[in-house]
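Enquirer: Pasting the sequence and the predicted model now:
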Amino acid sequence: MSIKKNSNQNVNIKYIAKLAGVSHTTVSRALRENSSTNPKTKEKILKIARELNYYPNHIAKGLREKKTRTIGIIFNDLNNPFYTEILTFINEILNEKGYSMIVCTSNYDYEREKKNIITMISKNVDGIIISPIDGKSDNINLLLENNMEAVLIDCLPHFPNMSYVYTDHNKIARIATEYLIKNGHTDILVLTGPYKNSLVNDFIAGHLQILKRYGIQRKKDLIMNADEHSIDSGYNAFKNLLTKNGFNKNIYFSAIITNSDLIAIGIYWVANELRINIPDNYSIVSCDNIKFTNSLTPPLTTVHQPRKRIGSESIRILLYNINNKNKKLIEKIGFEPYIVVRGSVRNIK
């Protein structure tokens, strides 16, 4: 039977408890996510609450608990599907848990990153998930100094008491480089994003480790960077390399590795424009495995990063620490990258 609200009645937990024939403690527990209330009792309570248009006041709850139920997100680049997919997974979990989020981007700028952190602290967010530019930055120390709950993603921090979730970019480069070598390529161009990102340096170091392991001489001219992790930057960097001095005969390479699928797409654009065949002229291995890499022509061989797991694990750790101040977790989670072989590498052995 449908329940009608008395116009003079203030609908609250006690009123719902009276209608449901249970204690107000049971109602409070039933309205929380993942509560241990008997399923039938919980459904009865939720049905009454829905019919009375009653929703828990998370703002008031937050004031009682000295929490805002708001999470700050600071990512390097929200134009990159790698980050937007992670953000989508985080948002789904926060919605389920009754949290909202404030999202900022640093665009690989230290001052902007610092300003974003200060903004989050001033807004009294309960915690922050951040993809920092550098794992050694004073900006990370700013979080610690202000006792801000935080989890770092896509970064290996140099602070032992920080939780992080990431994929080893050194290993990503090792996987990509070794795959090309096993397909006969020894002259490999490395085209990354900006060097100020610590992950770029990890990536280059991994590439050089594999060259050394196979006794292949390092060629400085074959390591270069784009201005950003973007399609346009990949396009501009690769086109400039090929077109200056008429395809620059002094630089020879048969394959390319890059630390971003977006940069790889920029390379594809240049290849299409200059009528260069991938993989016949140049083979390419990239990183991230964002959604549409399988739709390129040819489909892009890339090293996979588990974006859903990065998002879900980072928010799991953060919410636990927010709600368990006396038994906080310091978790260091590194996911194993793996190569997704498609059609962008030619075997030239």
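Expert: In hand now; what should we look at? Residues are numbered from 1 along each chain as shown.

Enquirer: what about Asn240, neighbour count?
Expert: 13 (other Cβ atoms under 10 Å). Where you see a C-beta, it was placed from the backbone N, CA and C, and this is true even at glycine.

Enquirer: Secondary structure element holding it?
Expert: helix 231-243 (DSSP states H and E).

Enquirer: these two touch, right, Val345 and Pro279?
Expert: Yes - counting by Cβ atoms under 8 Å, Pro279 is a contact partner of Val345 at 5.5 Å.

Enquirer: which one of those two has more residues nearby?
Expert: For Val345 versus Pro279, the count of surrounding residues by other Cβ under 10 Å is larger for Val345: 25 against 19.

Enquirer: which non-adjacent residue is nearest the more buried one?
Expert: Ser283 (4.2 Å; Cβ to Cβ, 6 or more residues apart in numbering).

Enquirer: Just give me the neighbour total for that neighbour.
Expert: Using other Cβ under 10 Å, Ser283 has 25 other residues around it.

Enquirer: residues in contact with it?
Expert: Ser283 is in contact with Leu180, Asn183, His185, Ser254, Ala255, Ile256, Ser344, Val345, Arg346, Ile348, counting by Cβ atoms under 8 Å, 6 or more residues apart in numbering.

Enquirer: Can you tell me which of those residues are buried?
Expert: For those, a neighbour count by 16 or more other Cβ atoms under 10 Å gives the buried set as Leu180, Asn183, His185, Ser254, Ala255, Ile256, Ser344, Val345, Arg346.

Enquirer: can you redo those as CSV with pLDDT and distance to Ser230?
Expert: Putting the buried ones among the contacts of Ser283 into CSV (pLDDT from 0 to 100; distance: Cβ to Cβ, whole Å) gives the following:
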residue, pLDDT, distance to Ser230
Leu180, 98, 24
Asn183, 98, 28
His185, 97, 26
Ser254, 95, 25
Ala255, 97, 22
Ile256, 98, 16
Ser344, 98, 19
Val345, 98, 23
Arg346, 97, 26
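
Enquirer: ok, those residues vs Leu94, which is closest?
Expert: Among these, Ser344 lies closest to Leu94 (Cβ to Cβ), at 36.4 Å.

Enquirer: Pro337 touches Arg307, doesn't it?
Expert: No - at 12.0 Å, Pro337 does not count as touching Arg307 under the criterion of Cβ under 8 Å.

Enquirer: I'd guessed Glu313 sits against Ile333; true?
Expert: Yes - the criterion here is Cβ under 8 Å, and Glu313 meets it with Ile333 at 5.5 Å.

Enquirer: Right, I'll call it a day here.
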